[in-house]
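K.L.:
Sequence and predicted structure are below.
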Protein chains: 2
Amino acid sequence: MRVLLVEDDDRLAAGVVAALEAAGFVVDRARDGQTAWFQGDTEGYAAVILDLGLPALDGLSILRRWRAGGQRVPVLILTARGDWHERVEGIDAGADDYLPKPFRMEELLARLRALVRRAAGQASAVLVNGPLVLDTRRMAVSVDGVPIHLSPQEYRLVSYLMQHAGRVVSQLELTEQLYAQDFERDSNAIEVLVGRVRRKLGGDLIQTRRGFGYLIERADPQ
Amino acid sequence: MRVLLVEDDDRLAAGVVAALEAAGFVVDRARDGQTAWFQGDTEGYAAVILDLGLPALDGLSILRRWRAGGQRVPVLILTARGDWHERVEGIDAGADDYLPKPFRMEELLARLRALVRRAAGQASAVLVNGPLVLDTRRMAVSVDGVPIHLSPQEYRLVSYLMQHAGRVVSQLELTEQLYAQDFERDSNAIEVLVGRVRRKLGGDLIQTRRGFGYLIERADPQ
DNA sequence: TTCCGGCTGACGATTCGCTGACAGGCCCGC
DNA sequence: GCGGGCCTGTCAGCGAATCGTCAGCCGGAA
């Protein structure tokens, strides 16, 4: 877990670095705004601890530049200036947390842990299998980068097959997944559904295992 | 954007509710811990403001119960007790932020906005998505730099979709976020609302995923 | 070849979302 | 208090999308 500490006061910085390293973080330190801005934008940090009172380039400006450039790294602001509108400004500039000096090291650690935990909670929800890409958040499917429009039922089918890619899924299993319990079993609804999806996705992405079920091959770089 | 305020002091609560509503939030209030616990667990709030000193069930206990039950709603703790180990305890119990009384209403709002943003994975007070810009501080929306006048309800819709840009949001979720608890579910209010917003924003900024919900595409540098 | 499981096109009932019209409620200026 | 404008939920109607059904076809395996 690598974090960036942006702090010009050597004594304070030393203390914070020691505490962070004791807590298991790997710490880089930047003394001035220029360096901080560059490093925060290019290196991949899990979090940044940012002092507002800095030489060369103000902390708030760095933060705004990062955010304007789409840099989303979690930022914890650290400053001696404790008046409320400074805080509001910092938070609205895109800081994720704020800690006024003087602070207890325990509190800094707790907040930092919370910050990292939160940022890690945003898993990418995109399933990829060869040319087939399924984005569960956008509920969108594409083949070779071309977006494909699927109806809700069709989407559910592809989603289920993708989540179980590399395994044969029986018609019975699909029926149980896609329909309510009281669904007539000797219906060819699944076959029709698969047909429709195949026409949209093209090719043989969904394979048939005659007598067993359907399958999307797993084709990942593993 | 629907939030839950857990506060037993009527006078304070009234002030906070007024400020929150003026800032565009839909507010439910709970007076005691029991109610708070139940509501926070069952209703889908964008955030919870939690007073630690409560009758019936202590604030920290509620928080721990929520977290133990997997409830991830962002929680901002509010309390008169400002010593640091209380803060650490609160944060480690799963609070996302902490504000000691007395506080400025502006700071509460800023922190609340930050909390909601963070939960949505955004990082700045100004949300940008392609031509669409939403300034949560000024409650202003513009498309291609042209300011658009939205009614409160319309603004909330756009705000919520922007906070969750790149994700399909169901009508049920929108209903829960935009309306108080006792709202009739089989109404087409959301559809009408979306229609009105679309006419104002123009184009297909708000997409429909038939059978699933609505979506504002995310178009930013990653 | 036969047979059986799967595929396909057509069809129609139903659902879903969009829209215009309308009305009640609220606020503001007079 | 009164009138007008805005806000916002309800309703009905429309058009399109959805999706199960059915009948007939195809093709692989024995």
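P.N.:
Happy to help now that I have it. Residues are numbered from 1 along each chain as shown, chains lettered A, B, ... in the order given.

K.L.:
Report how many residues lie close to A:Phe212.
P.N.:
11 (other C-beta atoms under 10 Å in any protein chain shown). From N, CA and C alone the C-beta is placed, and that goes for glycine too.

K.L.:
May I have the residues that are in contact with it?
P.N.:
Contacts for A:Phe212 were tallied using C-beta atoms under 8 Å, 6 or more residues apart in numbering or on different chains; they are A:Val168, A:Ser170.

K.L.:
Could you rerun that using 10 Å?
P.N.:
A:Val168, A:Val169, A:Ser170, A:Gln171 (C-beta atoms under 10 Å, 6 or more residues apart in numbering or on different chains).

K.L.:
With respect to B:Ala219, which of those is nearest?
P.N.:
Nearest to B:Ala219 among those is A:Val169, at 34.8 Å by C-beta to C-beta.

K.L.:
Over to the closest one: give its phi and psi.
P.N.:
Torsion angles at A:Val169 (phi, psi; degrees, to the nearest 10) stand at phi -110, psi 120.

K.L.:
got a list of what the closest residue to it other than its chain neighbours touches?
P.N.:
Residue nearest to A:Val169 in three dimensions, not counting chain neighbours: A:Gly213, with 5.0 Å by C-beta to C-beta, 6 or more residues apart in numbering or on different chains. Applying C-beta under 10 Å, 6+ apart, we find A:Gly213 in contact with A:Leu161, A:Arg167, A:Val168, A:Val169, A:Ser170, A:Gln171, A:Leu172, A:Glu173, A:Leu174, A:Ile190, A:Gln207.

K.L.:
Highest neighbour count among those residues?
P.N.:
Most neighbours among the contacts of A:Gly213, by other C-beta under 10 Å: A:Leu161, with 25 neighbours.

K.L.:
Correct me if wrong, but that one is in a helix.
P.N.:
Yes. The assignment for A:Leu161 by DSSP: H, G, I helix; E, B strand; the rest coil puts it in a helix.

K.L.:
dump the residue contacts of it.
P.N.:
A:129, A:132, A:134, A:167, A:169, A:174, A:177, A:194, A:197, A:205-207, A:213-216.

K.L.:
Settle this for me: A:Gly15 is touching A:Met105, isn't it.
P.N.:
Yes. Using C-beta atoms under 10 Å, A:Gly15 is in contact with A:Met105, at 7.4 Å.

K.L.:
wait, which of the contacts of A:Phe212 is closest to A:Asp58?
P.N.:
A:Val169 (57.3 Å).

K.L.:
Pipe the contacts of A:Gly213 into CSV and attach pLDDT per row.
P.N.:
Output for the contacts of A:Gly213, formatted as CSV (pLDDT from 0 to 100):
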residue, pLDDT
A:Leu161, 92
A:Arg167, 90
A:Val168, 91
A:Val169, 92
A:Ser170, 90
A:Gln171, 89
A:Leu172, 87
A:Glu173, 87
A:Leu174, 89
A:Ile190, 92
A:Gln207, 91
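
K.L.:
nearest to A:Arg138, of those?
P.N.:
Once C-beta to C-beta is applied, the member of the contacts of A:Gly213 that ends up nearest A:Arg138 is A:Leu161, at 18.1 Å.

K.L.:
Flag every residue of chain A that's near DNA strand D.
P.N.:
Within chain A, the positions lying close to DNA strand D (C-beta under 7 Å from any atom of the strand) are A:149, A:151-154, A:178-179, A:184, A:187-189, A:192-193, A:210.

K.L.:
No further questions, thank you.
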